[in-house]
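Peer 1: Compute the structure for the input listed below.
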Amino acid sequence: MIQSGAPSASKDNTLQNMLKMQTETLLPRYQQEVEYSKAYTDALKDIPSEYKDKIESSGVDIEALPGDLAEKIQKAINANEKLKSSEKQLAFKLIHKRRVGFYVGSF
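Peer 2: I've put the predicted structure just below:
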């Protein structure tokens, strides 16, 4: 309901609560994703570039590699898995928040 050009207090309060909720839940998740992305990028610096696509497609058999290289590739694989998991969780939260926002904004 709009009265004299300003949104009603309840709608304004609802929107403020949504913004607060999104900031409290999405910002930490995004910051975590940035950290995982940096860890993955750093891990890739320690290995030959031809392994990047294999890591991202889960096509690396590290058992046949020398110990030091295998450890570095395993570190990159772990970092990539954390990054992918974080990306999925952030995407889920964004989709969920948009749906909640749509429903709240609909009344």
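
Peer 1: drop to CA atoms for contacts and neighbour counts, all remaining ones
Peer 2: Fine.

Peer 1: Centre of the chain to stretch 43-53, how far?
Peer 2: 22 Å (CA atoms, centre = their mean, to the nearest Å).

Peer 1: pLDDT averaged over that stretch, what's the number?
Peer 2: Across stretch 43-53, the average pLDDT comes to 91.

Peer 1: Need the distance between the two termini of that stretch.
Peer 2: 14 Å (CA to CA, to the nearest Å).

Peer 1: any chance you could map the helices in this protein?
Peer 2: Remark: helices assigned in the chain by DSSP state H are 9-45, 52-56, 67-105.

Peer 1: elements contacting the shortest one?
Peer 2: Pointing back at helix 52-56 there. Judged by 3 or more CA pairs under 8 Å, 6 or more residues apart in numbering; DSSP states H and E, the packing partners of helix 52-56 are helix 67-105.

Peer 1: With the first one instead?
Peer 2: In this structure, helix 9-45 packs against helix 67-105, with contacts taken as 3+ CA pairs under 8 Å, 6+ apart.

Peer 1: where's the residue minimising distance to the centre of the chain relative to V60, distance?
Peer 2: In the chain, the C-alpha nearest the mean C-alpha coordinate belongs to E87, at 3.2 Å (CA atoms, centre = their mean). As defined by CA to CA, E87 lies at a distance of 22 Å from V60.

Peer 1: ok, now D42?
Peer 2: For D42, the distance to V60 - CA to CA - is 18 Å.
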